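fold the following and give me the result.
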Amino acid sequence: MADTTGTDLPQYLAIAWGVQEAPQRGPARGLTHDRIVAAAIEIADAEGLGAVTMQAVAKSLDFTTMSLYRYVSSKDDLVRLMQNAALTSTEPIELPGDWRAALRAWAGLIRDVYRAHPWVLEIPRGQLSVLMPASVRAADLGLAALSDLDLADDEKIAAILLISQHVISMVDLERSLAAEGTPAITPRGAEALREAITPDRFPHLAPIMAAGGYVVSDEQAPEAEGVDAEYEFGLDLLIAGLESLEHRRAK
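Below is the predicted model:
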C-alpha cells in the first residue's frame, strides 16, 4: 500500500497518527485499522506474539489475507501498530502534585501496560518507536511529572528514559521468572554451590551465599516475593539520585 500522505513518514507511523486514511473502495470496506490491530492484539494476548500472522488475523476477522494488505502493508507494520495500541492507556490520568510521587505513579502506569501485554517486550525499540503516539504521550506525562524539578530538558528526557528502562527490565525479569516456574536448585544443590563459592575466591558474595541469599532453592520458593522489592528499590535509587542532583545544584 503506497504512502499517500506526502509526509515522508513510515506508513505505520502515518497510520498511528491518523494521517494515512483507510482505503475507501474495494470489497474489504468493513475493515478498519483499529479492527485489524485489535484482532492481532487479541491473538498475541492469548497465544503470544509468534502466533500473530497476517493469515491468522485475517481469519479471525473473516476476511482474506489480501484484504488486510490493503490496510497494513506488512506484518512488521502491524506489529508496530499493535505495540502502539497495547501501550496506550485509555484511563484518565491525574498525577500527584509532588514530583517524587508523580514519578512513581508514572512508572507504575508504564509497568501496568507492559504487564498487561508482556509480548510487547519482544518488539525492538528504536528511534521511530519513540515517535509513536503512545510513546509520545508517555514521554509527555513523564515530563509533566518532572516539571517542578530544576533540570535541563535533555536531562529530564534522560531521566524518564532511565526510569522506563528500569520498569521494562523488571517486567521482563518478572516474566522470565514466571516462565521458569519453581526454582531448579534443590537444597542439596544450593549447599554444593555454597561449598564452591568460597570466601577466598569470592570474598564479597560468599558471606551472602552462606546466609542463604543470592540462590533461591525450592525450599525457599513459597517465601519468594517476585521482583516487587527490587522494582521499588531501583525506583528509590533513581528518585534519590534526582533529588541529590537537584540539591547539589541548588547550593
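
let me see the mean pLDDT of stretch 213-227.
Averaging pLDDT along stretch 213-227 yields 60.

which stretches of this protein form helices?
Here the chain has its helices, by DSSP state H, at 11-16, 33-47, 54-61, 65-69, 75-86, 99-116, 133-145, 153-180, 187-196, 206-210, 228-250.

any chance of those helices in CSV, with mean neighbour count and distance to Gly126 too?
Quick note: C-beta positions are derived from backbone N, CA and C, even for glycine. Formatted as CSV, those follow (neighbours: other C-beta atoms under 10 Å; distance: least, C-beta to C-beta, whole Å):
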stretch, mean neighbour count, distance to Gly126
helix 11-16, 22, 12
helix 33-47, 18, 20
helix 54-61, 17, 22
helix 65-69, 16, 24
helix 75-86, 22, 10
helix 99-116, 18, 17
helix 133-145, 17, 11
helix 153-180, 15, 13
helix 187-196, 13, 39
helix 206-210, 15, 38
helix 228-250, 13, 23
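
spit out the contact partners of Thr53.
Neighbour list for Thr53: Lys75 [criterion: C-beta atoms under 8 Å, 6 or more residues apart in numbering].

could you measure from it over to Ile15?
According to C-beta to C-beta, to the nearest Å, Thr53 stands 19 Å off from Ile15.

which stretches of the stretch 51-200 of the chain have low pLDDT?
182-184 (pLDDT under 70).

switch the cut-off to 50
By pLDDT under 50, the stretch 51-200 of the chain has no low-scoring segment.

Ala139: what's it in contact with?
Val130, Ile157, Ile160.

do the same with Leu193
Taking C-beta under 8 Å, 6+ apart as the test, what Leu193 contacts is Ile185, Met209, Val215.

still on that earlier bit, can I get the helices of the chain in JSON lines with distance to Pro92?
Formatted as JSON lines, these follow (distance: least, C-beta to C-beta, whole Å):
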{"stretch": "helix 11-16", "distance to Pro92": "21"}
{"stretch": "helix 33-47", "distance to Pro92": "20"}
{"stretch": "helix 54-61", "distance to Pro92": "30"}
{"stretch": "helix 65-69", "distance to Pro92": "33"}
{"stretch": "helix 75-86", "distance to Pro92": "18"}
{"stretch": "helix 99-116", "distance to Pro92": "12"}
{"stretch": "helix 133-145", "distance to Pro92": "12"}
{"stretch": "helix 153-180", "distance to Pro92": "20"}
{"stretch": "helix 187-196", "distance to Pro92": "48"}
{"stretch": "helix 206-210", "distance to Pro92": "45"}
{"stretch": "helix 228-250", "distance to Pro92": "23"}
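
which one, of the ones you listed, ends up nearest to Pro124?
helix 75-86 (9.7 Å; C-beta to C-beta).

quick one: the closest one to helix 54-61, angle?
50 degrees (axes from the mean of the first three to the mean of the last three C-alpha atoms, to 10 degrees).

may I have helix 75-86 exported as CSV, CA atoms only?
Taking C-alpha atoms only, helix 75-86 is exported to CSV below (Å, rounded to 0.1, in the frame of the first residue of the first chain):
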residue,chain,number,x,y,z
LYS,A,75,3.4,-7.8,9.4
ASP,A,76,6.2,-5.6,10.7
ASP,A,77,3.9,-2.5,10.3
LEU,A,78,1.1,-4.4,12.0
VAL,A,79,3.3,-5.3,15.0
ARG,A,80,4.3,-1.6,15.4
LEU,A,81,0.6,-0.6,15.4
MET,A,82,-0.1,-3.4,17.9
GLN,A,83,2.8,-2.0,20.1
ASN,A,84,1.3,1.4,20.0
ALA,A,85,-2.3,0.3,20.8
ALA,A,86,-1.2,-2.0,23.6
